[in-house]
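[1] need coordinates for the following:
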Amino acid sequence: MKLTMLIDGPALIILSLICANLRNCSFASSKFQALDMLLILSTYLTDEAKLDRLLPYVIELGHDESPVVRMAALRTALQVVSAQ
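    Below you'll find the predicted structure:
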C-alpha cells in the first residue's frame, strides 16, 4: 500500500463527496461554503490530489454566474496552489 494513500485516504473520500454534491448546487451560498470546505480540506491532501482532484472543480466554478462564487473560486485556487 502506498504511503500517500494512508496520508490522505479519508480526506479523499470527503473531497469526493463535496465535489459530487457541488455539481448539483444551485445557490451561490452553497457553492461559497463548499469552496471554504475545499480550502480547509486541502491542508490534508497531497499535492497530487490537489492538482488532479480538487483544482478542476475549483477552476470550473470560476465560470459561475455569481461574482461571489467566482471570487471565492479564485481565492481558493490561489491559496491551494500557493500553500506550502
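[2] quick one: Thr46 and Asp8 touch, right?
    Yes - at 5.2 Å, Thr46 and Asp8 qualify as touching, with contact defined as C-beta atoms under 8 Å. In this view, the C-beta of every residue, glycine as well, is placed from N, C-alpha and C.
[3] for these two, indicate the residue with more neighbours.
    Ranked by neighbour count (other C-beta atoms under 10 Å), Thr46 and Asp8 place Asp8 first, with 19 against 16.
[4] for the more buried one, give its distance to Leu51.
    Distance of Asp8 to Leu51, given as C-beta to C-beta, to the nearest Å: 13 Å.
[5] swap in Cys19?
    From Cys19 across to Leu51, the span is 14 Å (C-beta to C-beta).
[6] just the strands in this structure please.
    For the chain, applying DSSP state E gives no strands.
[7] poorly predicted segments of it, please.
    The model of the chain has pLDDT under 70 over residues 1-7, 84.
[8] packing partners for the longest helix along the chain?
    Criterion DSSP state H: the longest helix present in the chain is helix 3-22. The contact analysis (3 or more C-beta pairs under 8 Å, 6 or more residues apart in numbering; DSSP states H and E) places helix 3-22 against helix 28-41, helix 47-49.
[9] switch to 10 Å and redo it
    The contact analysis (3 or more C-beta pairs under 10 Å, 6 or more residues apart in numbering; DSSP states H and E) places helix 3-22 against helix 28-41, helix 47-49, helix 55-60.
[10] out of those, the one nearest Ala72 is which?
    Closest to Ala72 of the helices and strands packed on helix 3-22, according to C-beta to C-beta: helix 28-41, at 4.5 Å.
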